[in-house]
Structure formats: structure tokens, C-alpha cells
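A.B. asks: Sequence below, structure please.
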Amino acid sequence: IITFLQGEGIIHKYAFKDKEFIRFAYDQMNDYFCAKAFLAQFDDKDTTLSHIENIDFHTSNINYFLYICELYAKKYNQECIGVIDKIEDDNLKHDIFDVYVDSFQRRNTYGLSTCEFKTYCKKYNVCLENIWNMFIPNALKQDNIFNADTLHKYLLSLRMNKRDSLWTIYINELEFDDKLFTTILYIVEGNQIVFKNNIQKELLLTLFGWILTSSNRKLRDTVSKAMIEILKSNFNMTKLMLKKFEKVDDPYVLQRLYGIVWGACVKRENKDKTSFKALAKYVYKTIFLAPLVYPDILLRDYARLIIETYLNEYPDEDYFDISTINPPYASDPVPTIVGEDSKNKKYEKGLNLLVHSMRFDNNGWYGDFGRYVFERALNSFEINHDMVYKYSLSFILNNLGYSNTLFGEYDLNVDQNNMTRLNYLKVERIGKK
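C.D. replies: Sure, this is the predicted structure:
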């Protein structure tokens, strides 16, 4: 057998101090089987753990250590992340924990709660990219603590500006050949993914829903199409997705999600009146019977179109008051903002780009958006333009929480890489959100 394995290039023989040794040709195999041999020496959990703690940790044996931890966790149904505390070098602790987190992309966790994991992440200052890289491959695994529902709970708990700084910047940089992006494109092209059950479908839609935070235009539009493709044949999930995201504080997500649901209404394959009626009633109650109709022009249009599409198919329905879903809608008056005059203030980085892009004509160096889009739209109304401008800036900075601390450098770099507005593939500044 040894000769055969050597001939296949799986193992190598080598001599050292007049002795012959055998080593696997692949480091991963070598680390795995050495780790297996290490654990085979001990009969109980405490003895095994004490010997793991006495391993001489260094950068060259991290993978060996990880396989020991994985086999230990599988055998005793308990992770042994805590042994990292025994390491004196803080940098090595950080490196080992990063790789430990990385290993969750390919293996199950054992006896680890999300609360414990969060504590470890803070303690060892984990690389954030590793966290997201771990969540995405586990998104559809129902029994995995790092699936899309866990991601949903965490992202939903964050304020929009914090979430954009941690998550949106990460997904903005996804490449076209990234596995997640290729999966999205695969669905858009009309291919079917085989799901085990409806729970997996919901998990994928949940992951896709959070990609809607992205200011990467290509990514956001493509995932929108993918969600429509899934929902058109799973129409009963449209209401479920709207309810799941109804508390999100990001208008980018809500607006696009309502557009996606309307797209699913138009393309749906199963003419199920019960599901459509439940959706239409939910939209009617949530959007149009609310004390204040959600202040987003596109969301209002999508919501109205969902109900109108239903009524067009089922004209005998008498539940809906048509006058309620049509404009004008009740709105709060634009408040007067004091002390937000930006004309003579000096701004830097992303905030400088944001302020100048919004400025109107005759208000200093104006931006194309400020003059040709924003101000032009206001010309149709009898309203104080300066008051609207000041309120808009105040809302972005104070309500939405835009700051140079979170986005200054990022937006500056994004802007420098996007020298033409004709580049559809470009990533927009977070400030444009």
C-alpha cells in the first residue's frame, strides 16, 4: 500500500538522521491525520483539553491545531475556542481565531451559541470580512447557527449607518466571479435551484434581501431580478418577505423589496387568489392605512400597483377603498432647520462630496444632482428651496447618521474610481444612498 500511495504521489518518503519517514504530499492531509493521531492518545474530554492547551502554538502549525479543535468538537460536542486564551502572543491569538472562524465555512459548529461567538469576536478582534465570508456559505443551512436567519437578526438590530459601514461596504466589493454573484446570475438566467424545502427558499430570499442595501448598482439590480424569479413560482412567500423586513430602517431595502414583490405579482405562475389577496390586504393595511404613508415615492407607487394589479384581476373585490391608495397622501410638513447653513462651511472627504453634489444653483459650487435633479423637481412646488435643502442635509447627517468617520475615506475612493456616470457597473458612494 505504501508503495502504491507513493507511486500516486499521495505520500513522500524522506530520510532524516538515518531514519526513514513518511509524509503526506498535501499539507491538509498531513495536518488532519496528525491531529487524528493526537486525539487518539486520550480517552476523556478533560485530559484531551489539557493536552491541547499545552500545544506549542506558532504560525506554522495553525492548521494542525484547527483540525485538532474540529475533531475534538465533533467528538465531545463542544468547541474548544477557549484554549486560545492560553496563548501569550496577542497577534497570534488574533491570527488563530481568524482562521478558526474561517473553518466554519466548511464544517459544523458544536455546542456554540451566537452569544458566545459574539463575545469571542470582540475579545480577539476578528477580521470582519471573515465573519461575512462565513455567513454566506452557511446561509441556507437550516440547523447552522450562522444561517441567513441569524444574519437577519444581527443586521436588523443595527442602525442603518452602522450596518452600511460593516455590511454594505463588504457586499459592494463582491466580484462578478464570486460564488454568491454567480449564483444570483444563474437564477436570473432562468435556471432552477433545487431546494430541500420552503425553509431553504426563505433563507436564500432573506440573504438576497440584505444584498439590497448595496450601492453597487449592478449587484442590486441583478439580485432584484433573481428574487422575482424565485417569488414568481413561490408567490405565497411575497407577504412573508415584506413582513420579515417591515422594521428595517433602510429605505433602499424597503423600496426595492416592494418593487420586487410587484414584479412577482406581474410574473407569478400560480394564479392563487388566496395568497394574492392576503398580500394585497397586508400592503393596504401596512402602507395606506398607516397614520403616515411611508414617505418614499417609488415605494408608494409599487404598493399601489400591487393592489391595483390584484383589483384588475379580481374586480369584484370590495375590501379596498381606491381613494386611499391614490395620491395625494398625508405628509409631515418640512421642518425649519436652524444652523445648518453649509455654504461657508469647509467639509472633507465623503461629506464634502455629499454636500456639494446636493447644492442648488446660486448656492456656491453646485452639483449636477443638486441643480438638475433635486432643485428641478422642487420647481413644480411652491416651497422654500433653501429650507428643503437644509432639511435634506440635516436628515442625512442626523437621522440617517452619515459621517466621515464611517464613510469618508470609502466614498472618496469610490468617487475617484467612478469618473463617468455612464458606467452602469460602478459602485455608488454610500452618501448617494
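
A.B. asks: Mind telling me what element Glu229 is part of?
C.D. replies: Taking DSSP states H and E as the criterion, Glu229 maps to helix 217-231.

A.B. asks: for the very next helix or strand once past that helix, packing partners?
C.D. replies: On the C-terminal side of helix 217-231, the closest following helix or strand by DSSP H and E is helix 238-244. Counting contacts by 3 or more CB pairs under 8 Å, 6 or more residues apart in numbering; DSSP states H and E, helix 238-244 is packed against helix 198-211, helix 251-267, helix 273-283. For the C-beta atoms, the positions are set from N, CA and C on the backbone; glycine is no exception.

A.B. asks: got a list of contacts for helix 238-244?
C.D. replies: 152, 202, 205-206, 209, 231, 257-258, 261, 264-265, 275, 278-279, 282-283, 286 (CB atoms under 8 Å, 6 or more residues apart in numbering).

A.B. asks: out of those, which are buried?
C.D. replies: Applying a neighbour-count criterion of 16 or more other CB atoms under 10 Å, the buried members of those are 152, 202, 205-206, 209, 231, 257-258, 261, 264-265, 275, 279, 282-283.

A.B. asks: now Asn216: how far from Arg429?
C.D. replies: Asn216 sits 11 Å away from Arg429, taking CB to CB, to the nearest Å as the criterion.

A.B. asks: Likewise for Leu354?
C.D. replies: Between Leu354 and Arg429 the computed distance is 7 Å (CB to CB).

A.B. asks: quick one on the thing from earlier: can I get the helices and strands packed on helix 238-244 in CSV including distance to Ala40?
C.D. replies: Listed next are these as CSV, based on distance: least, CB to CB, whole Å:
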stretch, distance to Ala40
helix 198-211, 37
helix 251-267, 51
helix 273-283, 56
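
A.B. asks: Let me know which of these is the nearest to Ser157.
C.D. replies: Ser157 sits nearest to helix 198-211 of all the helices and strands packed on helix 238-244, at 12.6 Å, using CB to CB.

A.B. asks: what residues are shared contacts of Leu354 and Arg429?
C.D. replies: In the contact map built from CB under 8 Å, 6+ apart, the residues linked to both Leu354 and Arg429 are Asp411.

A.B. asks: Any stretches of the stretch 301-433 of the chain with poor pLDDT?
C.D. replies: When the per-residue scores of the stretch 301-433 of the chain are filtered using pLDDT under 70, the ranges that remain are 339-344, 363-366, 417-425.

A.B. asks: Show me what the mean pLDDT comes to for the helix or strand containing Tyr72.
C.D. replies: Element membership for Tyr72, per DSSP H and E: helix 62-76. Averaged over helix 62-76, pLDDT sits at 94.

A.B. asks: Quick one: list the elements packing against that helix.
C.D. replies: Under the contact rule (3+ CB pairs under 8 Å, 6+ apart), helix 62-76 is packed against helix 27-39, helix 45-53, helix 90-103.

A.B. asks: what's the angle between that helix and helix 27-39?
C.D. replies: Using axes from the mean of the first three to the mean of the last three CA atoms, to 10 degrees, the inter-axis angle of helix 62-76 relative to helix 27-39 is 50 degrees.

A.B. asks: Give me the buried stretch members for the helix holding Glu229, please.
C.D. replies: Buried residues in helix 217-231, defined by neighbour count with 16+ other CB under 10 Å: 218-220, 222-224, 226-231.

A.B. asks: next one: that helix to chain centre, how far?
C.D. replies: In terms of CA atoms, centre = their mean, to the nearest Å, the centre of helix 217-231 is found 14 Å from the chain centre.

A.B. asks: Report the angle between that helix and helix 198-211.
C.D. replies: Going by the same axes, to 10 degrees, helix 217-231 is angled at 160 degrees with respect to helix 198-211.

A.B. asks: contacts for helix 217-231?
C.D. replies: Counting by CB under 8 Å, 6+ apart, the neighbours of helix 217-231 from elsewhere in the structure are 171-172, 174, 181, 184-185, 187-188, 190, 201, 204-205, 208-209, 211-212, 214, 237-238, 241, 252, 256, 259-261, 263-264, 267-268, 424-428.

A.B. asks: thinking again about what came up before, now the helix holding Tyr72: buried residues?
C.D. replies: For helix 62-76, a neighbour-count test (16+ other CB under 10 Å) marks 62-73, 76 as buried.

A.B. asks: same deal with stretch 82-97?
C.D. replies: Buried, per 16+ other CB under 10 Å, within stretch 82-97: 83-84, 87, 93-97.

A.B. asks: Flag the least confident of these.
C.D. replies: Across the set of these, Ile87 stands lowest in pLDDT, at 88.

A.B. asks: Could you check how far that residue is from Leu128?
C.D. replies: Going from Ile87 to Leu128 by CB to CB gives 22 Å.

A.B. asks: So Thr286 sits against Glu246, correct?
C.D. replies: Yes. At 6.6 Å, Thr286 counts as touching Glu246 under the criterion of CB atoms under 8 Å.
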